[in-house]
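Peer 1: Got a sequence here, can you model it:
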Amino acid sequence: MGLFSMFKKDWIGEIQRVETYLQDGEPVLALELLRKIERRVDDPNHTTALKNLRARSETALLTSLVQRADEAESKGKLEDAADWLLSAIERTEDSSQRLTLEARRSDLLERLEDDVNPFGGDVGAETGASVDELDAEDIDFHYDALVQTLATWLAEHYANRPTVFREAVLRLNGGQTEVALQDLESMLEEDPDDAVLRLERGRAHLILGNNVLARADFEAIWNVLGTEALDAAGVLSIPSLWADSTLADDPAAVVDRLEDLADPRRGESNLCDLYATALVDVGHHEEALPYLQAVLRRFPSDPRFALHLANVLEMTGQPDEAVACLEAAVGPSCSGGQCGVGPRHLPSLRTLARLHLQGEPNLERCAELMAIVAQSQRGLLNSEDHRVLAQYYEASGDEKAAEHARAEAERLATMGPAAESAPTSLGGQRSAL
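Peer 2: Sure, this is the predicted structure:
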């Protein structure tokens with residue numbers, strides 16, 4: 001009772017401490033102290049002041065969490081960034097802000113899933129040094145951290161491996177793919193039947209674009225390592241790696257071999273995506289339609305399947321249905337120039353913008369969608385985007401601007417897939433975006 005009485009007399013001093021914590025950038029400490037004050041101060045005259053202080057503290061904490069996510073993403077630590085964003089999502093009560101954060105986190109998780117490397121991050125980014133500069137203790141530490149991301153059954157096969165293998169794995173995951181491949185080749189000369197060595201060599205070939213060699217490695221170990229997930233996240237498997245290496249050259253083989261594994265009732269999403277791509281590539285559109293509808297019911301938030309379905313609908317002469325499909329998937333998230341619901345899936349946005357230029361063009365909607373694409377790419381567009389913009393200008397009756405956009409698309413195409421430039425405009429004209 002004495003403690004409580006003393007606290008009541010000095011609660012304004014405690015509030016000042018909260019203010020100090022906020023000024024010092026310590027919102028967690030501010031909220032902890034504020035919770036104590038709220039439990040002990042029951043004077044209704046102070047309710048409004050405490051509510052305002054809590055709102056400021058929550059805002060400061062949310063800002064801090066998002067800043068930490070920004071820092072992690074800038075360093076290539078996508079998993080850490082996704083975790084910080086999850087914490088931020090759990091703290092916000094603003095529905096619009098929560099949806100924006102969820103969309104950003106979904107994009108990060110998609111980028112992680114799209115990586116052919118099952119272990120994740122770049123050792124160089126984590127340590128600031130190359131593998132050659134690491135001592136034995138650091139090599140073991142980073143290798144063990146990578147192995148922990150594997151499925152338990154596979155991680156056992158990576159235990160007690162020699163230093164040369166550990167270094168090769170770290171190099172492979174740190175971007176030194178060609179050096180790692182040389183080391184793996186040397187080890188395989190001594191032990192050509194080691195399935196783990198062939199798995200790592202296959203991954204190296206896949207990263208380097210040596211699809212035929214990668215396919216041979218994954219084919220050889222399919223029956224040894226089986227079809228179970230290789231990583232703890234359940235994203236990669238030997239069938240998915242094999243299909244990834246086979247799809248471009250032999251989509252029919254992917255269709256034949258993945259039919260059962262990619263069953264929409266139980267297949268993993270990555271396998272279903274590869275199988276759907278193969279169905280489209282071999283022209284099995286009539287099979288692809290019901291398959292994609294079933295997969296989309298199973299994975300309703302995965303934008304890849306809505307895009308696949310929209311493409312098939314367009315190919316089968318159903319452009320209006322294709323627009324409706326993508327509007328349902330990404331349209332509500334990107335109305336009014338803002339993407340607030342679901343992942344900001346740029347391929348879907350580009351396709352939807354292009355579809356809105358067919359038939360009776362919806363120029364306003366196309367411009368709105370392409371503005372979001374540009375915003376998502378730091379205000380820039382790639383070659384494909386400029387081609388859509390050229391179609392937009394052509395539909396607008398501005399052939400001169402369309403010609404300029406087409407020329408920019410061709411210029412960027414010759415520079416490579418990473419080339420980008422600002423939205424095109426001519427003379428005193430305003431860009432459509």
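
Peer 1: quick one: contacts of the strand or helix carrying Val196?
Peer 2: Taking DSSP states H and E as the criterion, Val196 maps to helix 195-208. If you take C-beta atoms under 8 Å, 6 or more residues apart in numbering as the criterion, helix 195-208 is touched by 116-118, 157-158, 161, 165, 168-169, 172, 177-178, 180-181, 184-185, 187-188, 191, 211, 213-214, 216-218, 220-221, 224-225, 230, 238, 241, 244-245. The C-beta positions use only the backbone N, C-alpha and C, and glycine is treated the same way.

Peer 1: Just the mean pLDDT for it, thanks.
Peer 2: Averaging the model's pLDDT scores along helix 195-208 yields 95.

Peer 1: Then stretch 323-343?
Peer 2: Model confidence over stretch 323-343, given as mean pLDDT, is 62.

Peer 1: Check for me that Arg68 belongs to a helix.
Peer 2: Yes. With DSSP: H, G, I helix; E, B strand; the rest coil as the criterion, Arg68 is located in a helix.

Peer 1: That one and Trp84 touch, don't they?
Peer 2: Yes. With contact defined as C-beta atoms under 8 Å, Arg68 counts as touching Trp84 (4.5 Å).

Peer 1: quick one, which of those two is more surrounded?
Peer 2: More neighbours sit around Trp84 than around the other of Arg68 and Trp84, counting by other C-beta atoms under 10 Å; the figures are 24 against 17.

Peer 1: residue contacts, that one?
Peer 2: If you count contacts by C-beta under 8 Å, 6+ apart, then Trp84 has 65-66, 68-69, 72 around it.

Peer 1: pLDDT check: weakest of those residues?
Peer 2: Ala72 (65).

Peer 1: hang on, the earlier thing: any buried residues in the helix holding Val196, and which?
Peer 2: Within helix 195-208, the residues that qualify as buried are 195-207, counting by 16 or more other C-beta atoms under 10 Å.

Peer 1: right, and out of these, which lies closest to Leu274?
Peer 2: When the buried residues of helix 195-208 are compared for distance to Leu274, the smallest value, 13.0 Å, is given by Leu206; criterion: C-beta to C-beta.

Peer 1: if I look at the closest one, how far off is Leu172?
Peer 2: 11 Å (C-beta to C-beta, to the nearest Å).

Peer 1: now do Leu247
Peer 2: Taking C-beta to C-beta as the measure, Leu247 falls 22 Å from Leu172.

Peer 1: Tell me which of those two has more neighbours.
Peer 2: Leu172 (26 against 20).

Peer 1: Now for the more buried one: which residues touch it?
Peer 2: Under the criterion of C-beta under 8 Å, 6+ apart, the contact partners of Leu172 comprise 117, 180-181, 200, 203-204, 207.

Peer 1: Skipping its backbone neighbours, what lies nearest Val295 in space?
Peer 2: Nearest-residue entry for Val295: Pro264, 4.4 Å, with adjacent residues in sequence omitted and distances by C-beta to C-beta, 6 or more residues apart in numbering.

Peer 1: Quick check: beta-bridge partners of Asp231?
Peer 2: Applying DSSP bridges to Asp231 gives these bridge partners: Leu150.

Peer 1: Hmm, it is touching Thr152, no?
Peer 2: No. With contacts counted by C-beta under 8 Å, Asp231 stays clear of Thr152, the gap being 10.8 Å.

Peer 1: measure stretch 231-251 end to end?
Peer 2: Chord length of stretch 231-251, first to last residue, is 25 Å (C-alpha to C-alpha, to the nearest Å).

Peer 1: sorry, back to before: so which of Asp231 and Thr152 has more stuff around it?
Peer 2: Shown here are Asp231 and Thr152; by other C-beta under 10 Å, Asp231 has more neighbours (18 against 8).

Peer 1: got a pLDDT number for the more buried one?
Peer 2: With respect to pLDDT, Asp231 scores 86.

Peer 1: what's the answer for Asn45, then?
Peer 2: According to the model's per-residue confidence, Asn45 sits at a pLDDT of 62.

Peer 1: and what of the one 10 residues further on?
Peer 2: The score at Ala55 is 79. That number is its pLDDT.

Peer 1: again, but for the one 4 residues further on
Peer 2: According to the prediction, Thr59 has pLDDT 80.

Peer 1: From Pro27, how far out is it?
Peer 2: Applying C-beta to C-beta, the value for Thr59 to Pro27 is 8 Å.

Peer 1: Which one of those two is surrounded by more residues?
Peer 2: For the pair Thr59 and Pro27, the greater number of neighbours falls to Pro27 (23 against 15), based on other C-beta under 10 Å.

Peer 1: among the contacts of Leu172, which two are most distant?
Peer 2: The distance between the two most remote of these (C-beta to C-beta) is 13.8 Å, for Asn117 and Leu181.
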